[in-house]
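**Q** Have a look at this prediction, sequence included:
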Amino acid sequence: MAEPNIDLHDIPLDRINPSDPALFEQDAHWSLFKRLREEDPVHYCAQSDFGPFWSITRYADIMAIESDTETFSSFPAIVLGDQDPDFTVQQFIALDPPKHQVQRKAVTPTVSPQNLALMEPLIRERIGRIMDELPLDTPFNWVDRVSIELTTQMLATLFDFPFEDRRKLTYWSDMATASPEIAGDDRVTKEQRQAALQECLEVFTGIWHERAQQSPEGKHDFITLMAHSEAFQEMDPLEYLGNLILLIVGGNDTTRNSISGGVLMLNDNPAEYDKLKADPNLVPNMVSEIIRYQTPLMHMRRTVTRDVIFGGKKMKAGDKVALWYVSGNRDESRIDNPDEFLIDRDHARQHISFGFGVHRCMGNRLAEMQLRLVWEEILKRFGQVEVVGPAKRLKSNFVRGIIDLPVVLHPKVA
């Protein structure tokens, strides 16, 4: 496990383990990845809790691997941890072309630009209602009251899920990305995780049967699209569950942790907060900078399909490869002053938080829209969202999550 007071430059390269979840819980991974980018950008870790694996830490190398799906496969998993052989789910993000594209295309209309334009007034209204219910001059946890509540409401809309039960979606998302085996998150046991996901499957199986009997005309929720698409008709229950997990997590973690991260970033960089208040038109550009700086999903895994030499290193068929987006987004050779948070950064949208190529996040525009609306509504109402205590971070090498962020809202002065 990581020890925060150890100088990572004193550790021999062959002993560096970038997958240690404690590094990310302590926000202590930056110097480690900087060293790997400079000294060993294609790094082999022989021993970890997730088995041996390669780390890819430079922006250009990540892009190259994302572009070569024949050599670097998304199957059988997109995280370093292996699934339980007795409880193995399949999802289209962990598939390669052509099945990946067929299933992805079938559900993309939910997050199409046309559908997002229709949803924007509803999302803005909900954000405004959440904001108007927040207390002034009184400490509260921003993560729970704003970040979780907003993304949970959005998930309920995307799935047309019973609104009063929407917090179940957040719970299932958290359980899907938790467990020591998957990402080093020790909040739950393997048994607890499986029980929660079985509940998710049971609930959504009922919803599937309902939607399958209804006309899909005019409906764009994920389950209706799946139930009426040939691409999903041959799924067994665990493949259905896998795709549910993919869509729930995809709709939850990116937005939720970027909403929290943005508040923290602006408090850590008060000159940027002043810049934002002076020019609210910077919000769209700031949104991209927040997503880069946060990098809500820190890695994706690929599996080598054939022996290959990459970056001068010999990789063997079957080897695991971790694409560290959290490092690529701080690559000095690709991004000027990458450790600075600059809301007016040129080309801010050219980050790698959403991945690249055929697996680029299909909900990226939804995440950007939600963040834009959040900050537009914040600036209308509040003079300052002040962080008044330390942020508590998630112990995970996959989700760069913020669990607790104590804030005080100050009223806007005329």
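**A** Thanks, I have the structure now.

**Q** Please make it C-alpha for all contacts and neighbour counts, starting now.
**A** Will do.

**Q** Count residues in the vicinity of residue 342, would you?
**A** By other Cα atoms under 10 Å, 22 other residues sit near residue 342.

**Q** same check, this time on residue 162
**A** Neighbour count of residue 162, defined by other Cα under 10 Å: 11.

**Q** for it, phi and psi?
**A** Main-chain torsions, residue 162, degrees, to the nearest 10: phi -50, psi 120.

**Q** going forward can the numbers begin at 7, since that is how I track them
**A** Sure, I'll start counting at 7 from here, so that last one is residue 168.

**Q** so after the helix or strand bottoming out on mean pLDDT in the chain, what's the next helix or strand?
**A** Here the helix or strand of the chain ranked lowest by mean pLDDT, DSSP states H and E is helix 186-189, holding a mean of 74. Counting by DSSP states H and E, the element after helix 186-189 in chain order, helix or strand, is helix 196-219.

**Q** Touching that following helix from outside, list them.
**A** The contact list for helix 196-219 (Cα atoms under 8 Å, 6 or more residues apart in numbering) reads 93, 178, 181-182, 184-187, 229-230, 233-234, 243, 246-247.

**Q** Could you double-check that residue 367 lies in contact with residue 358?
**A** No - Residue 367 is not in contact with residue 358 according to Cα atoms under 8 Å; the separation is 10.2 Å.

**Q** More neighbours: the two, which one.
**A** Using other Cα under 10 Å, the more surrounded residue of residue 367 and residue 358 is residue 358, with 21 against 16.

**Q** Okay, that one and residue 101: tell me how far apart.
**A** 20 Å (Cα to Cα, to the nearest Å).

**Q** on that earlier part again, closest to residue 400 out of the contacts of helix 196-219?
**A** Residue 400 has its nearest neighbour among the contacts of helix 196-219 in residue 184, at 9.9 Å by Cα to Cα.

**Q** And the closest one, how far from residue 38?
**A** For residue 184, the distance to residue 38 equals 24 Å [Cα to Cα].

**Q** Which one's more surrounded, the two?
**A** Using other Cα under 10 Å, the more surrounded residue of residue 184 and residue 38 is residue 184, with 25 against 19.

**Q** could you measure the more buried one against residue 89, distance?
**A** From residue 184 over to residue 89 (counting by Cα to Cα), the distance is 12 Å.

**Q** Residue 315 too?
**A** Applying Cα to Cα, the value for residue 315 to residue 89 is 27 Å.

**Q** And these two? Which one has more around it.
**A** Using other Cα under 10 Å as the criterion, residue 315 and residue 89 rank with residue 89 on top: 14 against 10.

**Q** show me the contacts for that one.
**A** Neighbour list for residue 89: 83, 95, 187-188 [criterion: Cα under 8 Å, 6+ apart].

**Q** same check, this time on residue 191
**A** By Cα under 8 Å, 6+ apart, the contact list for residue 191 reads 27, 183-185, 400-402.

**Q** Reformat those as CSV; add secondary structure and pLDDT.
**A** Output for those, formatted as CSV (DSSP: H, G, I helix; E, B strand; the rest coil; pLDDT from 0 to 100):
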residue, secondary structure, pLDDT
27, helix, 93
183, helix, 84
184, coil, 82
185, strand, 77
400, coil, 93
401, coil, 93
402, coil, 92
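
**Q** want to throw these into JSON lines with distance to residue 133?
**A** Converted to JSON lines, those look like this (distance: Cα to Cα, whole Å):
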{"residue": "27", "distance to residue 133": "33"}
{"residue": "183", "distance to residue 133": "26"}
{"residue": "184", "distance to residue 133": "28"}
{"residue": "185", "distance to residue 133": "31"}
{"residue": "400", "distance to residue 133": "25"}
{"residue": "401", "distance to residue 133": "28"}
{"residue": "402", "distance to residue 133": "28"}
